[in-house]
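Student: have a look at this prediction, sequence included:
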Amino acid sequence: MLSGAGLAAGVTVGALLAEDMLDSTSFSGLPSALFTGGAAGTALLVGRLSQRSGRRAGLAAGYATGALGGVGIVLAAVLDNVPLLLLSLFVYGAGSATNLQARYAGADLADPSHRGRAVSTVLLATTIGAVAGPNLVDVMGHIAEQLSIPRLAGPFLLASAAYATAAVILQLRLRPDPLLVARSLAAEPAPPSTEDAPPTVAPVPNGLPLAAAAMVLTQVVMVAVMTMTPIHMRDHGHGLGATGFVIAVHIAFMYLPSPLTGMLSDRVGRRPVIAAGGLVLLLAGLVAAAAPADSMVLLTVALALLGLGWNLGLIGGTALLTDSTPLATRARTQGAVDLSVSLAGAAGGLTSGLVVAATSYATLGLLGGALALLILPLLLRTARPRPVLST
């Protein structure tokens, strides 16, 4: 819940703060690119640290780093120091990466037939903070002004406090460590009678490439369209409160449908859920492209669909990734995949500003929808069984 507030508060105004300090719309996608780039490096480090020392060490270190980045952003805004802003945005990305890595902790001790629901439980908890964060933008802006801090830096005060508190809670309360317990259980010899023991599940063939590709594509589409929506709204007369509301709805749909998505992933299968994510993202891009600039209703619908498509792709991909990796290398592999996801998000955030500056927000929506469709041929390709060679 705390990490959701930390993530959402910064996402809502990051592009606006950078546009003000850099004085250029073309670079308004830079904050998203930087903190998703920072998230990329952190994802790999958190994964490796978790592999070595457990989830508690990896997650607590990641959130603490994100809190440090938020403090740096506030200081950069006060000093009007662009280099410090860019560096701090990169460090701030650690919180975003850790927020995603936390979902794997939910699956460490879950039965394979309930992994989707276990992942969804962690994501659902994020919803409370993720929805509250954007709606506190105005409040934190007023508090910042009273402290002689630029208004747009206010939400990063909230982000830093939320991330720091999350780190402390995990360090103190995530005991025993789920990944370490899972390893201990796996290392125990099998009981003489296995009648009531859960079945051993072999890694899913072809699952890892599909899971990684699905999460990469959903991330790049979501980040690209989401990043430019606050800029698009401000340029067409919408206030900061309206922008915060639209982003809050978007983030709610990123996380709130998680129980249903997790249940569908377990009952219907990972692949149909991933396919649904691609189709919903296509619809989101079409609605964003067709929405009149002054229509807050249609922009809200587009961003809600964008969040839902991301949710479907992420939960389906996460469950499939966990199904496809052995416990001995699971955390390291998860970190490597999240590295790719974050790099894709960085690319989406960076290019989104250039696309809108060169063309329009509508074009960005259409390009995002077309990119999401690539998930469908990937599903078909990985569904083909590999030939079995007999001796």
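Tutor: Okay, I see it.
Student: which strand or helix spans the residue most central in space within the chain?
Tutor: Nearest to the mean C-alpha position of the chain, by CA atoms, centre = their mean, lies L100 at 5.5 Å. Using DSSP states H and E, L100 sits within helix 82-107.
Student: ok, the residue nearest to the centre of the chain to G66 distance?
Tutor: The gap separating L100 from G66 is 12 Å, by CB to CB, to the nearest Å. Every residue, glycine included, has its C-beta placed from N, CA and C.
Student: same check, this time on P112
Tutor: Taking CB to CB, one finds P112 at 31 Å from G66.
Student: these two - which one has more neighbours?
Tutor: Using other CB atoms under 10 Å as the criterion, P112 and G66 rank with G66 on top: 33 against 16.
Student: show me what contacts that one?
Tutor: Each residue near G66 by CB atoms under 8 Å, 6 or more residues apart in numbering is listed here: 6, 91-96, 98, 159, 163.
Student: what's the spacing between stretch 304-319 and its chain's center?
Tutor: Averaged C-alpha coordinates place stretch 304-319 at 10 Å from its chain's average position (CA atoms, centre = their mean, to the nearest Å).
Student: coming back round to it: from the contacts of G66, pick the one nearest A40.
Tutor: Taking CB to CB as the measure, G93 is the one of these closest to A40, at 7.6 Å.
Student: identify the residue nearest that closest one in space, chain neighbours excluded?
Tutor: G38 (2.7 Å; CB to CB, 6 or more residues apart in numbering).
Student: ok, now which ones touch the one you found?
Tutor: 69, 89-94, 96-97.
Student: of all the residues you listed, which two lie farthest apart?
Tutor: L89 and A97 (13.3 Å).
Student: neighbour count winner among those two?
Tutor: A97 (31 against 28).
Student: pretty sure the more buried one contacts F35?
Tutor: No: shown here, A97 and F35 do not form a contact pair, counting by CB atoms under 8 Å, at 9.1 Å.
Student: and the helix or strand containing L286, what other elements does it pack with?
Tutor: Element membership for L286 (DSSP H and E) is helix 270-290. Applying 3 or more CB pairs under 8 Å, 6 or more residues apart in numbering; DSSP states H and E, one finds that helix 270-290 contacts helix 207-235, helix 258-267, helix 296-324, helix 361-372, helix 375-383.
Student: of all the ones you listed, which lies closest to A336?
Tutor: Closest among the helices and strands packed on helix 270-290, using CB to CB: helix 207-235, at 8.7 Å.
Student: now the angle between helix 270-290 and the very next helix or strand once past that closest one, please.
Tutor: Downstream of helix 207-235, the next assigned helix or strand under DSSP H and E is helix 240-255. With axes from the mean of the first three to the mean of the last three CA atoms, to 10 degrees defining the directions, helix 240-255 sits at 160 degrees from helix 270-290.
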